[in-house]
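# A predicted structure for the sequence below; I have some questions about it.
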Amino acid sequence: MSDDSGRVQRSCLLAPPEILIDLDRMNSAEAKQLGGYVELIAQHFMSSAYGRQFLPDALGELTYGHPAIQALSSLTKDWDGYGSDAPSETVIGKANDIWNLSVGAFGRALPVPEITPGSSGMVAFTWKLNQPQRQLELWVHDNTSFSADWCLLHLDGSTIDGELKVLDDVIPILHQFLAP
């Protein structure tokens with residue numbers, strides 16, 4: 001589609017075909033409103049079993065990070081009524097980095113994780129596989145350098161765990177988790 005000047009308009013189809021949004025002409029208030037709609041759609045899509053299998057592809061270019069991580073950024077001190085710390089901007093940033101790295105490296109081969117806050121201000125990722133049955137947990141901590149603890153639990157009760165000091169070290173752990 002192009003306007004009168006012949007310039008190609010980047011448009012985003014969000015609803016019925018007759019509703020197109022010209023992203024180049026959008027003001028900041030409209031962009032913020034659109035971002036809210038996209039986040040709401042993504043949250044509903046993610047909550048369905050059908051949507052969860054396609055979530056990495058669906059969100060790939062729409063947002064930085066996962067909607068659950070973005071939601072954690074709105075938590076405040078005592079978010080659970082027991083005095084728990086809210087995740088800091090640093091932890092939220094590290095969690096987004098892990099999400100983006102894992103989706104970029106594995107796409108739909110990696111199940112969508114549960115992403116939850118912890119009482120000490122950390123963010124936890126939990127990936128689960130049914131065949132073979134196993135679970136990978138990764139906890140992102142609040143400190144100045146990258147740091148995350150992980151634990152891989154197998155059906156037979158065996159565990160492997162460790163600490164990550166570099167973001168890229170997430171990839172070999174996820175490979176191990178996905179290995180037959």
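Good, I have the coordinates.
# shaky segments in this structure?
Where the chain drops to pLDDT under 70, the residues are 1-26, 28, 31-64, 144.
# check contacts around residue 118.
Applying C-beta atoms under 8 Å, 6 or more residues apart in numbering, we find residue 118 in contact with 84, 124, 139. The C-beta positions use only the backbone N, C-alpha and C, and glycine is treated the same way.
# any idea which helix or strand carries the last one?
Mapping residue 139 onto the secondary structure by DSSP states H and E places it in strand 133-140.
# adjacent strands (with direction) for that strand?
Here strand 133-140 is paired, per DSSP bridges, with strand 123-130 (antiparallel), strand 148-154 (antiparallel).
# got the buried residues for it?
134, 135, 136, 137, 138, 139, 140 (16 or more other C-beta atoms under 10 Å).
# re the thing from before, between the contacts of residue 118, which sits nearest residue 65?
residue 124 (15.2 Å; C-beta to C-beta).
# that closest one touches residue 141, doesn't it?
No - counting by C-beta atoms under 8 Å, residue 124 sits too far from residue 141 to count as a contact (10.5 Å).
# what's the overlap in contacts for the two?
Once C-beta under 8 Å, 6+ apart is applied, it turns out that residue 124 and residue 141 contact no residue in common.
# relative to residue 83, how far out is residue 77?
In this structure, residue 77 and residue 83 are 8 Å apart, going by C-beta to C-beta, to the nearest Å.
# an error on my part: the question was meant for residue 137.
Using C-beta to C-beta, one gets 23 Å for the distance from residue 137 to residue 83.
# and what of residue 128?
Residue 128 is 29 Å from residue 83, where distance means C-beta to C-beta.
# in terms of neighbours, single out the busier of the two.
Higher neighbour count among residue 128 and residue 83: residue 128, with 15 against 9, using other C-beta atoms under 10 Å.
# could you give the bridge partners of the nearest residue to that one once chain neighbours are set aside?
For residue 128, ignoring the flanking residues on the chain, the nearest one in space by C-beta to C-beta, 6 or more residues apart in numbering is residue 135 at 5.0 Å. When bridges are taken as DSSP bridges, the partners of residue 135 come out as residue 128, residue 153.
# pretty sure residue 135 sits against residue 114.
No - in terms of C-beta under 8 Å, residue 135 does not count as a neighbour of residue 114; the distance is 9.9 Å.
# shared neighbours, these two?
By C-beta under 8 Å, 6+ apart, residue 135 and residue 114 have these common neighbours: 126, 128.
# residue contacts, residue 87?
Taking C-beta under 8 Å, 6+ apart, we find residue 87 in contact with 72, 73, 75, 95, 117, 121, 122, 123, 142.
# any idea whether it is helix, strand or coil?
Recorded secondary structure, residue 87: coil (DSSP: H, G, I helix; E, B strand; the rest coil).
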